[in-house]
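S.K.: I would like the atomic coordinates for the input below:
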Amino acid sequence: MFRKLLKSISWVLMCLFLMSCGTTLKSNHYVGIQEPVDEKELNKETIWTFQDEIFYVRAVDPNKIMASSLSWDSSENEYKVVTFQIVLTSLDKYTFLNLKDENSASYSIYRVIPSTDGALVVFTADKGNMKRHADEGKIKAIERDNSFIIESTKEDLDDYVLNNVNEIFDYSRAHIIKPLKGLKE
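M.R.: Residues are numbered from 1 along each chain as shown. The predicted structure is shown next:
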């Protein structure tokens, strides 16, 4: 029970660091088509910042990007490494950031718009629209802990996101993830 609680705390901490805990869209599938890492980018180490947190990111193979950060564990009075997989995807003209905690079966899905300075503008899910879509039966989703967990096939997930992308994400709250090292060198 205690171990499960620690895993939950780890996920909540990661969510807080990444998105100030906006509403999260989750699924057992990543949305869209995976964008493989260019061979010259393999094993390239990059460092990114979001608010006061620093993330170490590295592509370990053409289809796998790993990210790590340190989280303060106040119960043990020490830092813990939080690691997760990043899957960058596209669907039509849209780009998405899919994150999977090392202890989770679900991807957290965010809409991403690259900026001209190398930063990423990231959008979380729109809670009101997600609730309405679930209530109307547009998508089968369970609301839990400020998340909407979509229960569908990958094809249904992709179709839903493609046809509702302008309503799914909260464009009034932009989050910026900036590169610190590795991209401009």
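
S.K.: can you list the strands that whichever strand or helix holds Gln85 pairs with?
M.R.: Gln85 is part of strand 78-91, with elements assigned from DSSP states H and E. Here strand 78-91 is paired, per DSSP bridges, with strand 33-34 (antiparallel), strand 64-73 (antiparallel), strand 94-101 (antiparallel).

S.K.: so which bits of the next helix or strand after the first one are buried?
M.R.: I take that to be strand 33-34. Moving toward the C-terminus from strand 33-34, the next helix or strand (DSSP H and E) is strand 45-50. Under the neighbour-count criterion of 16 or more other Cβ atoms under 10 Å, strand 45-50 has 46, 48, 50 buried. For every residue, glycine as well, the C-beta is placed using N, CA and C.

S.K.: give me the number of residues near Glu155?
M.R.: 9 (other Cβ atoms under 10 Å).

S.K.: now do the SS call for it.
M.R.: helix (DSSP: H, G, I helix; E, B strand; the rest coil).

S.K.: show me the contacts for it.
M.R.: Taking Cβ atoms under 8 Å, 6 or more residues apart in numbering, we find Glu155 in contact with no residue.

S.K.: state the pLDDT value of it.
M.R.: Glu155 is assigned a predicted lDDT (pLDDT) of 97.

S.K.: next up, phi/psi of Lys127, please.
M.R.: Backbone torsions of Lys127, given as degrees, to the nearest 10, read phi -60, psi -50.
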